[in-house]
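Mind looking at a prediction? Sequence and model below.
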Amino acid sequence: MNTVDLVVIGGGPAGMAAAIEAYKNGIKDILIIERDNELGGILQQCIHNGFGLHIFGEELTGPEYADRFAKEVGKLGIHFKLKTMVLNISEDKVVTVVNSTDGLLNIKAKAIVLAMGCRERTRGALNIPGLRPAGIYTAGAAQRFVNMEGYLPGKEVVILGSGDIGLIMARRMTLEGAKVKMVCELLPYSGGLTRNIVQCLDDYDIPLKLSHTVVNIHGKERLEGITIAKVDENRKPIKETYEYVSCDTLLLSVGLIPENELSHELGIKMDRVTSGPVVTESMETSVEGVFACGNVVHVHDLVDFVTAESRLAGRCAARYISDNKKVKQEDAIKTIAGEGIRYVVPHLINKELVQDENKLYFRVVDVKKKVNIVLKSKGKVIYSKKRPKVAPGEMESIKITNKILDAMAEGEDLVVMLEKQ
């Protein structure tokens, strides 16, 4: 059996950032395991710019951003295995992997960082009536076809869902010569960043139909068209609003799900809202010595936030290996999603382990205007910040300052909530 100090599962921006940070904090025996042909993860197909403004102070494309970390991994001599699939993780931190070169391999680790990223929801999760014609893709699959494989999936396109990938693909398909007829969104607000709505839809006169969904798919061999409808306040289609739209391609941008099959099998405690692991301020899961970071914990807006979180996980994994000090998670302060808040990460805070870059990340339930973001401990307001507008598509954060730490009552929950101004 091979033994290493740290195994990082996933060679995307999260995994590489965690491995590099662990290396810089004294852990040299590191192995990154990646199932794709190269390091970089999903960023390899994200050829648009807008990455790196927070981390590097400049605008990079996805491949450029990933390449910065891949080059540093190579420069530091951090080992990695490509085209390698993780089959299982045992409670005593034995990682079972398989590839065409080594066959089946068991690797014993002192600590593990989970950085598997997330996947897209597919048509199967939507229950749209109709046959199974060619021409229906997730937005990410279409992105790979166009940007990496050199194929244009279709000429007349409708996009269901206004997540960031869907918005970006509306622009991308337009630039490649396709006609994007519309973007339909079930909710009364967009799920993407405001900048993407402006740059990808408004700039190209692509209509965004809020409170609309696809209710039928037409075509047998190839998609011929769809029926869309307006939905009521209960998100049920209104029959009087049914409208047929001819198209040969339907792209689905209907949400991302953290990739956590390995986490479930290991018995890690999960958050039902985020579909990711419950983590501490150190990004440690409920299984001692197993850390998680990036989109495997909760879906982020920007890769820069993923990187910051992953560096924290890598540093804390290094500290765990070096100190071998166990932390009693039952003594930690719990963070609670209060009024108007969907979830909060991290879920547990050990005050003595909080570091300078520790933040509370959270998303709101609905679009709200003129609200205060409030932190409460033992019923007392310990932090308040005015916001003109908040939306579910934009992740919010609060830096955990010394002032907030001092005001947090021991043994009491920390509640994040919205209050009207």
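Alright, I've got the coordinates. Residues are numbered from 1 along each chain as shown.

Just name the shakiest helix or strand of this protein by mean pLDDT.
Scoring the helices and strands of the chain by mean pLDDT, DSSP states H and E places helix 194-196 at the bottom, with a mean of 90.

Please identify the buried residues of the helix or strand that that helix is followed by?
Downstream of helix 194-196, the first helix or strand assigned by DSSP states H and E is strand 208-210. For strand 208-210, burial by neighbour count (16 or more other Cβ atoms under 10 Å) applies to residue 208. (Glycine included, C-beta is placed from N, CA and C.)

Please identify which helix or strand holds residue 321.
helix 303-323.

OK, contacts around the most centrally placed residue in the chain?
By Cα atoms, centre = their mean, the chain has its centre lying nearest to residue 299, at 2.4 Å. Residue 299 makes contacts with 118, 256, 258, 274, as judged by Cβ atoms under 8 Å, 6 or more residues apart in numbering.

Report the separation between residue 269 and residue 113.
17 Å (Cβ to Cβ, to the nearest Å).

Which one of those two is surrounded by more residues?
residue 113 (31 against 13; other Cβ atoms under 10 Å).

Run through the bridge partners of the more buried one.
Beta-bridge pairing for residue 113 (DSSP bridges): residue 8, residue 291.

Strands along the stretch 201-350 of the chain, start to end?
All strands of the stretch 201-350 of the chain, identified by DSSP state E, counting those that start in this stretch, fall at 208-210, 212-218, 225-230, 243-246, 249-252, 256-258, 290-292, 333-337, 341-345, 348-349.

Could you dump these into a markdown table with distance to residue 130 and mean pLDDT added?
What follows is these, written out as a markdown table (distance: least, Cβ to Cβ, whole Å; pLDDT from 0 to 100):
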| stretch | distance to residue 130 | mean pLDDT |
| --- | --- | --- |
| strand 208-210 | 19 | 96 |
| strand 212-218 | 3 | 96 |
| strand 225-230 | 8 | 97 |
| strand 243-246 | 13 | 97 |
| strand 249-252 | 10 | 97 |
| strand 256-258 | 23 | 94 |
| strand 290-292 | 38 | 97 |
| strand 333-337 | 37 | 96 |
| strand 341-345 | 31 | 97 |
| strand 348-349 | 45 | 96 |
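
highest average neighbour count across those?
strand 290-292 (a mean of 29; mean count of other Cβ atoms under 10 Å).

Could you check how far the nearest residue to residue 230 once chain neighbours are set aside is from residue 212?
Once flanking residues are discounted, residue 230 sits nearest to residue 241: 3.9 Å by Cβ to Cβ, 6 or more residues apart in numbering. According to Cβ to Cβ, residue 241 stands 8 Å off from residue 212.

Now list whatever residues contact both of those two.
229-230.

Burial check on the closest residue to residue 60 other than its chain neighbours, number of neighbours?
In space, and not counting its chain neighbours, residue 60 is closest to residue 52: 4.1 Å by Cβ to Cβ, 6+ apart. Neighbour count for residue 52, taken as other Cβ under 10 Å: 20.

who's in contact with residue 52?
When contacts are counted by Cβ under 8 Å, 6+ apart, residue 52 touches 58-60, 64-65, 68, 303-304.

Could you do residue 215 as well?
The contact partners of residue 215, taken as Cβ under 8 Å, 6+ apart, are 128-129, 227-229, 237, 242.

if we can go back for a sec, going by contacts, tell me the helices and strands next to the helix holding residue 321.
Where contact means 3 or more Cβ pairs under 8 Å, 6 or more residues apart in numbering; DSSP states H and E, helix 303-323 is packed against strand 2-9, helix 13-24, strand 103-114, strand 290-292.

what do you get if the cut-off is 10 Å, keeping everything else the same?
Where contact means 3 or more Cβ pairs under 10 Å, 6 or more residues apart in numbering; DSSP states H and E, helix 303-323 is packed against strand 2-9, helix 13-24, strand 30-33, helix 62-76, strand 103-114, strand 290-292, strand 359-364.

For residue 180, which of the ones you listed is the nearest?
helix 62-76 (21.0 Å; Cβ to Cβ).

Now the closest one: average pLDDT?
Across helix 62-76, pLDDT averages out at 97.

tell me which residues in it are buried?
Neighbour counts over helix 62-76 (16+ other Cβ under 10 Å) mark 62-67, 69-70, 72-73 as buried.

Could you list the paired strands of the very next helix or strand once past it along with their orientation?
Next along the chain after helix 62-76, taking DSSP H and E as the criterion, comes strand 79-81. Strand pairing for strand 79-81, using DSSP bridges, gives strand 30-33 (parallel).

care to break the chain down by domain?
Domains of the chain are assigned by automatic domain parsing as 1-118+257-325, 122-254, 332-421.

how long is the shortest one end to end?
This points to domain 332-421. Using Cα to Cα, to the nearest Å, the gap from the first to the last residue of domain 332-421 comes to 31 Å.

what's the closest non-adjacent residue to residue 243?
Closest residue to residue 243 apart from its sequence neighbours, by Cβ to Cβ, 6+ apart: residue 228 at 5.4 Å.
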